[in-house]
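Novice: let me see the structure of the following:
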Amino acid sequence: MATPPPVTGVLAQFVTQTEFSAISEKALANAKLHMLDALGVALAGTREPVAAIALDYCKRIGSADESTLWGTKSKAASPIAAFANGLLAHALDYDDWDAFIHVGHPTSMLLGAALSIGESTGASGKELLKAYVLAIEVICKLAANCPNVQDRGFHSTPVWGSLGAAVACASLLKLNAAQLKAALGIAASAAGGIHRQQGSMVKPFHAGNAARNGAEAALLARSGFTADSAILEAPRGFCDTFFGPATCNFDKMVENIGQPFFLESPGLGLKWHPCSAPQFLAADAALHLKREHDIDYEDVARIEVSIPPMRYQRHYATEVKTGLRGKFAINYVVAMCILDGKLELATFTDEKVNQPKVQEALAKVEVICDESIPEPGPYCPVTVELKSGARHSFTGRIAKGDPRNPMTETDVIEKFCSNAKRVISDEQAERLISLMRNLEAIDSLRSLVGLLVPA
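Specialist: This is a model prediction of the structure:
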């Protein structure tokens, strides 16, 4: 068996040696949109039950005048703030996602960690941008050349996010290549998360834990904490352990890094709907049918949605009694599209889910396990049958928010404002938009973070 290239070392050199000027304008522009989106989602996330528990926990285990718990007037040590902020950004499952290579929801973890570390060190906006873009590049380069870790039962978000958060924080802390390899080694042993947890409070915990893992790994490495220096490629290392020996392409992991940057092409997805991404094609198809045929719910006899076996196993729920479960149940999402003609944050509350009319609509949805649709479901047929006998069908193919069908800057700003206004003033939201548009000009991230505190 051929000796793999020194992947850990090459990636560490890439992060420590890449200058801000090497990052393309498109990558920087997309980075700003993704970070703005995540901040808005995190602010709205403070209103979720999981956030209340997590924030109370973080406040009780000790305060420190280092890093802000977003959406509150409290501060904590930077790793604790990273945990809280990463969790907040994923609490609604409304944060960005990777549409191509199963890296999960990267910005919640990377930004939760990086902005917490950056606030504590007084880092600049330019340093945050660089750290974020490079961290995205590293984990996407790795994930693109490994099998889908979720096929083994892991949740990809915290597995890759722990490494990405470590890279982002290491960049902000200006670690050298040897220290960065140590940070990756530490984070590799902290990474984990079980996919079965979707639909429970543990899923956003995964994001928070990954952000904390990365922050702690970088801080420990800065202090001289050591780890295996070839953790990614070595036998029985990260890749062998998570994916199995001889399953990853180590050569491609170190080819053409940053050419182009992943944030430029193919890019990450931004969520148009506040639910899990595998439901998006069905949601778009159902909403199209509702609009195109002016369907009145009272005229609907039944609804059919077809998905492949893996999607059926993971995203069909025989019973939906909580809003959190509804985010991951394709039958609930389709039912609400036909009943209300929209998906919004209020769609996924316990109160909404348990309304009699909602449960009635849910009972009208038949989810068909269709083995002819390839995994993981590149298209999704939806059919609405009316009481008159008429049938209307449409197949969703590329979801709104997918990089191939992207949200515009205006879309992202409108989404941000809708989310942020739940916690901060309109004036603060407008100021945040302005600062994010010119992030590279900010001398200290503390001026930005201050706007995340309710007036």
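
Novice: got the domain ranges for the chain?
Specialist: The chain breaks down by automatic domain parsing into domains covering 7-272+405-452, 277-396.

Novice: point out the most buried one among those.
Specialist: domain 7-272+405-452 (a mean of 22; mean count of other CB atoms under 10 Å). In this view, the C-beta of every residue, glycine as well, is placed from N, C-alpha and C.

Novice: what's the first-to-last distance across it?
Specialist: Domain 7-272+405-452 has an end-to-end distance of 38 Å (CA to CA, to the nearest Å).

Novice: avg pLDDT for it?
Specialist: Mean pLDDT, computed over domain 7-272+405-452, is 97.

Novice: for the nearest residue to residue 397 once chain neighbours are set aside, which residues are in contact?
Specialist: Using CB to CB, 6 or more residues apart in numbering and skipping residues adjacent in sequence, the residue nearest residue 397 is residue 379, 4.9 Å away. With contact set as CB atoms under 8 Å, 6 or more residues apart in numbering, residue 379 has these partners: 281, 373, 395-397.

Novice: just the residues you listed: which are in helices?
Specialist: If you go by DSSP state H, the contacts of residue 379 have residue 281 in helices.

Novice: next, format the contacts of residue 379 as CSV and append pLDDT and distance to residue 10.
Specialist: Shown next, in CSV, are these (pLDDT from 0 to 100; distance: CB to CB, whole Å):
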residue, pLDDT, distance to residue 10
281, 98, 37
373, 98, 39
395, 98, 42
396, 98, 39
397, 97, 37
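
Novice: make a markdown table out of the contacts of residue 379 and add distance to residue 196.
Specialist: Below are the contacts of residue 379 laid out as a markdown table (distance: CB to CB, whole Å):
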| residue | distance to residue 196 |
| --- | --- |
| 281 | 23 |
| 373 | 23 |
| 395 | 29 |
| 396 | 26 |
| 397 | 29 |
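
Novice: nearest to residue 55 among the contacts of residue 379?
Specialist: Set against residue 55, the nearest of the contacts of residue 379 by CB to CB is residue 281 (34.2 Å).

Novice: could you list which of the contacts of residue 379 belong to strands?
Specialist: Judged by DSSP state E, the subset of the contacts of residue 379 located in strands is 395-396.

Novice: picking that back up, from residue 150, how far off is the residue nearest to residue 397?
Specialist: To residue 150, residue 379 is 20 Å away according to CB to CB, to the nearest Å.

Novice: what does residue 83 give?
Specialist: For residue 83, the distance to residue 150 (CB to CB) stands at 23 Å.

Novice: now residue 50
Specialist: On the measure of CB to CB, residue 50 and residue 150 end up 21 Å apart.

Novice: likewise residue 445?
Specialist: In terms of CB to CB, residue 445 sits 33 Å off from residue 150.

Novice: how long is stretch 251-260 from one end to the other?
Specialist: 17 Å.

Novice: farthest from the middle of this protein: give me that residue.
Specialist: For the chain, the largest distance from the centre (CA atoms, centre = their mean) belongs to residue 388, which lies 42.3 Å off.

Novice: and that one, what does it touch?
Specialist: residue 299.

Novice: now do the SS call for it.
Specialist: coil (DSSP: H, G, I helix; E, B strand; the rest coil).

Novice: for residue 381, same thing?
Specialist: Assignment for residue 381 (three-state DSSP): strand.

Novice: check residue 392 too.
Specialist: strand.

Novice: likewise for residue 368?
Specialist: Per three-state DSSP, residue 368 ends up strand.

Novice: that one against residue 306, yeah?
Specialist: Yes. Between residue 368 and residue 306 there is a contact under CB atoms under 8 Å: 4.4 Å.

Novice: so residue 259 lies in a strand, does it not?
Specialist: No. Read with three-state DSSP, residue 259 is coil and lies in no strand.

Novice: if I look at it, how far off is residue 23?
Specialist: Residue 259 is 12 Å from residue 23, by CB to CB.

Novice: could you do residue 110 as well?
Specialist: For residue 110 relative to residue 23 (CB to CB), the value is 15 Å.

Novice: could you do residue 106 as well?
Specialist: Taken as CB to CB, the span from residue 106 to residue 23 is 16 Å.

Novice: now swap in residue 302 and tell me
Specialist: Residue 302 is 51 Å from residue 23, by CB to CB.

Novice: repeat for residue 134
Specialist: Relative to residue 23, residue 134 is positioned 8 Å away (CB to CB).

Novice: span of stretch 232-248 from start to end?
Specialist: Rule used - CA to CA; the end-to-end distance of stretch 232-248 is 10 Å.

Novice: also stretch 267-275?
Specialist: Termini of stretch 267-275 sit 20 Å apart (CA to CA).

Novice: residue contacts, residue 42?
Specialist: 70-71, 85, 88-89, 91, 95, 108, 112.

Novice: hey, where'd the strands end up in the stretch 351-455 of the chain?
Specialist: 365-369, 380-386, 391-396 (DSSP state E, counting those that start in this stretch).
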